[in-house]
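Asks: Okay, sequence plus prediction incoming.
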Amino acid sequence: MPRLNLLFPILLFTTSTAFAQNTSVRQILQKVSERYSQATLYELSVHIQDDVSLNARIGNESWQEKLYVSNSGKFRVESDYQGQPELMVSDGENTWKSLPAQKIWSHQSSAAKIGVTGEEEDDFHADLFSTAYDSFVKRYILWVRFADQGKLVRETRVKVASRKYDCYELHFVSGKSTKEMFVDKDSFLVVRLVETFPPRQVSGGSILERMTLEMVDFSTDVPASVFAFAPPPNGREVNSLLLPGERDLSLAGQKAVDFALPDSHGSQVRLADLKGKIVLLDFWATWCPPCRAELPVVAKLSNRFADRGLVVLGINDEGKNMAQRYLDEHHQDLAVLLDADGKVHRAYRCTAIPEIVIIDRGGTVVAHLVGGQSEDVLITALKQAGL
């Protein structure tokens, strides 16, 4: 099932006449990047249309997405793809998923990692929210990297829903794929994106696909109540819930990805050098309430089982001194590694924290746990790793 949610920062700016003269693709995309990265609190509605043709027979489907985002880690996503309502909500400390029509929902103590770390776009999307954020906020922030592949075709007026925008029309070609981007000249929001994909050969002929995404409405007037979750009437809570279009990205059973990171004292630690020991990786941040609540449990296990071959490593991407200062101030004895560019976070598919990865003595992941965990749950997982 296609899963495309268009995300726009809601900031209105004026553009000077001077900028409008001698404008380059790179200048436009740099402005787009700045506006998206400055977004703080917004609500938007998006219309997506997917047109598919097979041997000149055309079919299409369309749906709406509504998304609310706060840079404090709160979000809400509502989708009605194929008439199937889906909901994902976070108040910054807890995350809920729900299929209202089926009256089921799930809960975990975790916070989303909202932001852009590093320069590479992730090649996976773990859930409804990260699909939207990674594809349509992070994507626009990073699009300036492709400025040399783009062409400023013209300045044109575009009507989206009931509003008209004066836009820069940019075209990008990569192989047999093309993208047409319409950027509002005043706000530098992407108000329309049209993607034409390469033909796909199937037994019945050739499939052509064209996806159009349009911003329908937006607002910065976002009430705090939208980040609260109300279970569906007569609903039933389940242990976990995979929404349509999501992929189960658990690493359990896979070989752990090797890495080398500096600790807070500057010494390099390489995972491969720890073979023969049980390793617990704790992805966390000082700003994350569930992480802070879980840290004392993780530190306790580190001290308790060190003589039985357990190595506990906190993985933090906030900067050289912030994590260690927090641990010192709160008297937590825990080794911390600094993942400044986020590469290890991406390698371990970390889109929400805290995330615990437990690796056995042979280098295989035996547990991949997202959200705050109890001591009993972590001990059970460590025993599965051979503790």
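Replies: Here it is on my side, so go on.
Asks: pLDDT on stretch 361-380, on average?
Replies: Throughout stretch 361-380, pLDDT has a mean value of 94.
Asks: What's the end-to-end length of that stretch?
Replies: Counting by Cα to Cα, to the nearest Å, you get 16 Å between the two ends of stretch 361-380.
Asks: Check stretch 26-46 too.
Replies: Using Cα to Cα, the span of stretch 26-46 from its first residue to its last is 26 Å.
Asks: give me the element the residue nearest in space to the middle of the chain is part of.
Replies: Nearest residue to the geometric centre of the chain (Cα atoms, centre = their mean): Ser130, 2.9 Å. Assessed by DSSP states H and E, Ser130 sits inside helix 128-133.
Asks: if you average pLDDT over the helix or strand just after that helix, what comes out?
Replies: The C-terminal neighbour of helix 128-133 among helices and strands, as given by DSSP H and E, is helix 139-142. Averaged across helix 139-142, pLDDT comes to 87.
Asks: Outside of the helix or strand following helix 139-142 itself, which residues are in contact with it?
Replies: Scanning forward in sequence from helix 139-142 by DSSP H and E, the next helix or strand is strand 150-160. Strand 150-160 has contacts (Cβ atoms under 8 Å, 6 or more residues apart in numbering) with 23-25, 28-29, 164-172, 182, 185, 191-192, 214-216. From N, CA and C alone the C-beta is placed, and that goes for glycine too.
Asks: how about 7 Å then?
Replies: With Cβ atoms under 7 Å, 6 or more residues apart in numbering as the test, strand 150-160 has contacts from 23, 25, 164-172, 182, 191-192, 214-215.
Asks: got the contact list for Gly235?
Replies: Lys103, Ile104, Trp105 are the contacts of Gly235 under Cβ under 7 Å, 6+ apart.
Asks: could you measure it against Ser110, distance?
Replies: Counting by Cβ to Cβ, to the nearest Å, the gap from Gly235 to Ser110 is 20 Å.
Asks: Over to Asp258?
Replies: In terms of Cβ to Cβ, Asp258 sits 26 Å off from Ser110.
Asks: Could you pull out the strands in the stretch 1-150 of the chain for me?
Replies: 41-54, 57-70, 75-79, 86-90, 95-99, 104-108, 111-112, 150-160 (DSSP state E, counting those that start in this stretch).
Asks: what's the least confident stretch among these?
Replies: strand 111-112 (a mean of 80).
Asks: Are there helices or strands packed against that one, and which ones?
Replies: strand 352-353 (3 or more Cβ pairs under 7 Å, 6 or more residues apart in numbering; DSSP states H and E).
Asks: So which elements touch the helix or strand just after the strand it packs on?
Replies: Proceeding C-terminally, strand 352-353 gives way to strand 355-359 as the next helix or strand, assigned by DSSP H and E. Applying 3+ Cβ pairs under 7 Å, 6+ apart, one finds that strand 355-359 contacts strand 278-283, strand 365-370, helix 375-384.
Asks: Could you dump those into TSV with mean neighbour count and distance to Gln149 added?
Replies: TSV is the format used below for the helices and strands packed on strand 355-359 (neighbours: other Cβ atoms under 10 Å; distance: least, Cβ to Cβ, whole Å):
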stretch	mean neighbour count	distance to Gln149
strand 278-283	24	34
strand 365-370	21	36
helix 375-384	15	46
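Asks: right, so of those, which gets closest to Phe227?
Replies: When those are compared by Cβ to Cβ, strand 365-370 sits nearest Phe227, at 19.4 Å.
Asks: So what touches the closest one?
Replies: Counting by Cβ under 7 Å, 6+ apart, 108, 110, 250-254, 256, 352, 355-360, 381, 384-385 sit against strand 365-370.
Asks: Hmm, Tyr326 and Val336 touching each other?
Replies: No - assessed by Cβ atoms under 7 Å, Val336 is found out of contact with Tyr326, at 9.1 Å.
Asks: ok, for Val357, nearest residue in space, not its chain neighbours?
Replies: Distance criterion Cβ to Cβ, 6 or more residues apart in numbering; nearest residue to Val357, sequence neighbours excluded, is Leu281 at 4.3 Å.
Asks: and that neighbour, what does it touch?
Replies: Leu313, Ile315, Val357.
Asks: beta partners for it?
Replies: Per DSSP bridges, the residues bridged to Leu281 are Leu313, Val357.
Asks: Check the spacing between the residue lying farthest from the centre of the chain and Val46 real quick.
Replies: What lies farthest from the middle of the chain is Asp307; by Cα atoms, centre = their mean that is 37.6 Å. Using Cβ to Cβ, we find Asp307 at a distance of 55 Å from Val46.
Asks: Which one (most neighbours) among the contacts of Gly235?
Replies: Trp105 (21 neighbours; other Cβ atoms under 10 Å).
Asks: wait, that residue sits on Glu237?
Replies: Yes - look at Trp105 against Glu237 with Cβ under 7 Å: they come within range, at 5.8 Å.
Asks: circling back: closest one to Ala228 among the strands of the stretch 1-150 of the chain?
Replies: Of the strands of the stretch 1-150 of the chain, the one closest to Ala228 (Cβ to Cβ) turns out to be strand 86-90, at 7.4 Å.
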